[in-house]
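Peer 1: coords below, sequence missing:
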């Protein structure tokens, strides 16, 4: 691949791969042989568990904090943008790690994959420490500038100081789990995240309100519960990575080697992180536009997007599953399998979107009524759930194309797709719809933008995959050397 810097500077060759030795065994799941659809769906079903678990503990946090009072709930809401930004950085790093490591695993160079894994964790630790220290020092001025009143700011400080203190423990498991998935094992990270979510939900009321020998810490208790559960996640993820996947090396890191690894990782991670960071900015612009139509419009948008978040779980999980699958097969030269997987994923999300759109068209009003008793809010949310879900299949095409391009070491086309989805196309379409049909036009514009960007994503992904297939036709029928 022309822009894949992972081909530079050879690293030590991998030892022969034999079952039974900790350093000679490649753990995880080989994705370069066997039925394509079955492997993609297996990855997806485990990712579904992890996604649901993550959403569940976030809902639980909001539920328990709401019982403390309005100021505490407002403080938690103020922390969302900062948490989203830092989570976007972690997602960007995770995308880079999944792309680079999965391709090297597909090539069969397991020693090199271990080196990249170890160096990616060093990079993640460094980034986490820098942002933890900087964030802890900036809590007061940052949230004051965001408009937090003094009675809310005190709760924000209680929460964020604990959150920043534990940031390395929160980010490292995300990177470790990205590596485990790059080896084809989606089951272990999902089970770990599911267990962590259950533990988090169990600890929330204990540390928020107090129980047994634990005093109630208020909003800070939610941060302590998160920190403890993520510490368990960290320990389990590193254990799986080291003793089941055999994906790390020991010994003192060498500066030249680490810098080389970081260059390879950041080649994908930086554009991906930039794309992730655009999303909260775009969301803020759209929320501001909708807010110009009054509190009813904002409330309706909030209700509809909460329903949408759960409706898109399959689409999100399938998109993430494409990362390790495409990466391993690209590394092994099996572009034919990449093409088959992408085609299947496109069809799957289109069928899924038709079913979900039909369900929401029939029952959207009933669902919205469960969130609000205001007739105007329910009416507007129902309109959103009647129109926007028609574009869910297009959202799936966008996410699948972008993820696949990153795993093919083509980060710039993926960034173009992501920026178009979040800002370059969506925001202008929403404003155009607003001028024509008011707040309903905003919703229609958002849906229309998904159709436009999906065409762009489809063309870029198809052209890239066909180009790779033309460059490496001899590899189509060749078996992978991964094991």
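Peer 2: Sure, I can see it. Note that this is a predicted model, so its numbers are computed, not measured. Numbering: from 1, shown residues only.
Peer 1: I'd like the distance between the spatially closest residue to residue 68 that is not a sequence neighbour and residue 157.
Peer 2: For residue 68, ignoring the flanking residues on the chain, the nearest one in space by Cβ to Cβ, 6 or more residues apart in numbering is residue 218 at 6.0 Å. No exception for glycine: its C-beta is placed from N, CA and C like everyone else's. In this view, residue 218 and residue 157 are 12 Å apart by Cβ to Cβ, to the nearest Å.
Peer 1: before we move on, what about residue 327?
Peer 2: Distance, residue 327 to residue 157, by Cβ to Cβ: 41 Å.
Peer 1: okay, the two: which has more neighbours?
Peer 2: The neighbour count for residue 327 versus residue 157, taken as other Cβ atoms under 10 Å, is higher for residue 327 (30 against 18).
Peer 1: mind checking the SS state of residue 382?
Peer 2: helix (DSSP: H, G, I helix; E, B strand; the rest coil).
Peer 1: Report how many residues lie close to it.
Peer 2: Residue 382 has 22 neighbours, counted by other Cβ under 10 Å.
Peer 1: So it sits against residue 370, correct?
Peer 2: No: using Cβ atoms under 8 Å, residue 382 makes no contact with residue 370, being 12.0 Å away.
Peer 1: what's the neighbour count on residue 150?
Peer 2: Neighbour number of residue 150 under other Cβ under 10 Å is 7.
Peer 1: do residue 254 as well
Peer 2: Count around residue 254 with other Cβ under 10 Å applied: 11.
Peer 1: how about the residue nearest to residue 68, what does it touch?
Peer 2: Applying Cβ atoms under 8 Å, 6 or more residues apart in numbering to residue 218 gives the contacts 68, 72, 155, 158, 208.
Peer 1: any chance of those in a markdown table, plus pLDDT, secondary structure and distance to residue 181?
Peer 2: Rendered in a markdown table, the data for the contacts of residue 218 read as follows (pLDDT from 0 to 100; DSSP: H, G, I helix; E, B strand; the rest coil; distance: Cβ to Cβ, whole Å):
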| residue | pLDDT | secondary structure | distance to residue 181 |
| --- | --- | --- | --- |
| 68 | 75 | coil | 36 |
| 72 | 74 | helix | 35 |
| 155 | 81 | helix | 36 |
| 158 | 84 | helix | 34 |
| 208 | 82 | helix | 32 |
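Peer 1: Residue 320: which of those is nearest?
Peer 2: Nearest to residue 320 among those: residue 208, at 30.8 Å, using Cβ to Cβ.
Peer 1: how many other residues sit next to the closest one?
Peer 2: 25.
Peer 1: most centrally placed residue in this structure?
Peer 2: Nearest to the mean C-alpha position of the chain, by Cα atoms, centre = their mean, lies residue 91 at 5.3 Å.
Peer 1: Confirm that that residue lies within a helix, as I assumed.
Peer 2: Yes: read with three-state DSSP, residue 91 is one of the residues of a helix.
Peer 1: Helices of the stretch 351-483 of the chain, residue ranges please.
Peer 2: 375-387, 392-407, 411-419, 426-471 (DSSP state H, counting those that start in this stretch).
Peer 1: out of those helices, nearest to residue 307?
Peer 2: Nearest of these (Cβ to Cβ): helix 375-387, 6.3 Å.
Peer 1: Would you mark the buried spots in the closest one?
Peer 2: 377, 378, 380, 381, 382, 383, 384, 385, 386, 387 (16 or more other Cβ atoms under 10 Å).
Peer 1: hmm, who's touching it?
Peer 2: Contacts of helix 375-387 (Cβ under 8 Å, 6+ apart): 296-297, 299-301, 303-304, 307-308, 360-361, 364-365, 367-369, 371-372, 439-440, 443-444, 447.
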